[in-house]
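> what follows is a predicted protein model with its sequence.
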Amino acid sequence: MSSIYGKIFKVSTWGESHGKAIGAVIDGCPSGIPLTEEMIQKSLDRRRPGQNLMVTPRKEADKVSILSGVFEGKTTGTPISLMIPNEDQRSHDYSDMIKWYRPGHADLTYDGKYGFRDYHGGGRSSARETAARVAAGAIARQILEHLFQTEILAWVTSVGGEPSDIDPETVTYESIEASPVRCPDPKASLRFEEKIKEAKADSDSVGALVTLLVRRPPKFVGEPVFEKVDALLAQAMLSLPACKGFEIGLGFEAAKMRGSKHNDEIYFENGVYRTRTNNAGGTLGGITNGEDILCRMPFKPTSTIGQEQKTAGRGGVNGILKAKGRHDPCVGVRAPVIVESMAALVLIDLVLRQRRFL
């Protein structure tokens, strides 16, 4: 089972949803980068459960400890080990999962592949694992900010098909965090809250669309064939639990256009090449062109719901499962910081492959 991401900036996540702790080991981080637990904690606080009525009530402080790789507030260049304790597990809520496979979850495929599974919260398939990615991503973001002043933002654009209307150029970190559903459009935020509350009242869940924006990305990174920056971003996002798609720039809308309308006009000004539009979403031929990277990802409704569902179980039996436990009515609400973190991991690994930046 692979748990390692990256070629130079390598991240290995470890732990299970209902184990003693989860964490990450980061290898390949440059030395001399300012780093403290508080810097990492800022990102983890945005992902943690129990923040408000829009997310799971599981209470986890997600308090990170740096075990190695940092001295006097700076990275040493040696492996950085991070640990986040699990403090509020209720494993008894998952007793029915011993027998039954949850519809929409990884229970069936894990059992089929490995012949054994951790039924307590899904083990490694649980979204709890993403806390370790966020911790590692916080370090990657710190380096990108240090080198390029890169800003990475993600927010909820739609819930249950209910749209929002906001210009990405106007979005700020503050406007995203002001919303309990992480939507910088105040009117849409209220509608999204109602959608989520309705699903929760029905013991159900609802899907969401998340938009990613990278301002001042590192320029001319990415490989032109199999490791295009957009392909790596797609792989990173689709590795997230519940993410079911990816598009960059105009994405699927480009299929409706002519080349004369889709092509971004290039111009040279003040010693820099720019494009007048950004239909490509910040990449050309799999390499960043310096324009903002703009992507969108749909997140499916949370699979574990409180309604009775027909299912099957071990031994070839059919039956009914009514899941217990505490789950997000809309997993997309906590997804933005995870999306940001994966984008940071993709970009810093590409930067470090091109040592000219350091």
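Everything's here; your move.
> can I have the least confident helix or strand in the chain by mean pLDDT written out in CSV, keeping just the CAs?
Within the chain, no helix or strand scores below helix 107-114, which has a mean of 87 by mean pLDDT, DSSP states H and E. Output in CSV follows, covering the C-alpha atoms of helix 107-114 (Å, rounded to 0.1, in the frame of the first residue of the first chain):
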residue,chain,number,x,y,z
ASP,A,107,-15.0,-1.4,2.6
LEU,A,108,-15.8,-3.8,-0.3
THR,A,109,-12.7,-3.0,-2.4
TYR,A,110,-10.3,-3.1,0.6
ASP,A,111,-11.6,-6.5,1.6
GLY,A,112,-11.4,-7.7,-2.0
LYS,A,113,-7.8,-6.4,-2.5
TYR,A,114,-6.2,-7.2,0.9
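> could you list every helix and strand in contact with it?
For helix 107-114, not one helix or strand is in contact under the criterion 3 or more CB pairs under 8 Å, 6 or more residues apart in numbering; DSSP states H and E. Any C-beta I mention is one placed from the backbone N, CA and C, and that applies to glycine too.
> how far off centre is it?
The chain centre lies 24 Å from the centre of helix 107-114; the measure is CA atoms, centre = their mean, to the nearest Å.
> how about stretch 103-110?
Relative to its chain's centre, stretch 103-110 lies at 20 Å (CA atoms, centre = their mean).
> what residues sit buried inside it?
Buried residues in stretch 103-110, counted by 16 or more other CB atoms under 10 Å: 103, 104, 105, 106, 107, 108, 110.
> I'd guessed the last one sits against residue 117; true?
Yes: judged on CB atoms under 8 Å, residue 110 makes contact with residue 117 at a distance of 4.2 Å.
> shared neighbours of these two, anything?
Shared contacts of residue 110 and residue 117, defined by CB atoms under 8 Å, 6 or more residues apart in numbering, comprise residue 123.
> picking up where we left off before, can I get the buried residues of stretch 103-110 in TSV with distance to residue 128?
Output for these, formatted as TSV (distance: CB to CB, whole Å):
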residue	distance to residue 128
103	20
104	17
105	14
106	13
107	16
108	20
110	15
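> between the residues you listed, which is nearest residue 222?
Within the buried residues of stretch 103-110, distances to residue 222 taken as CB to CB reach their minimum at residue 106, with 30.6 Å.
> do you know how far the closest one is from residue 124?
Look at residue 106 and residue 124: by CB to CB, to the nearest Å, they are 9 Å apart.
> ok, residue 291 touching residue 277?
No: look at residue 291 against residue 277 with CB under 8 Å: they stay out of range, at 9.1 Å.
> which residues are common contacts for the two?
Common neighbours of residue 291 and residue 277 (criterion: CB under 8 Å, 6+ apart): residue 264.
> neighbour count winner among these two?
A count of neighbours by other CB atoms under 10 Å puts residue 291 above the other of residue 291 and residue 277, at 23 against 13.
> quick one: contacts for that one?
By CB under 8 Å, 6+ apart, the contact list for residue 291 reads 264, 274, 275, 278, 280, 282.
> grab the nearest non-local neighbour of the first one.
Right, residue 264. Using CB to CB, 6 or more residues apart in numbering and skipping residues adjacent in sequence, the residue nearest residue 264 is residue 275, 3.8 Å away.
> so what's that neighbour bridging to?
Beta-bridge partners of residue 275, counted by DSSP bridges, are residue 266.
> ok, it to residue 292 distance?
Taking CB to CB, one finds residue 275 at 10 Å from residue 292.
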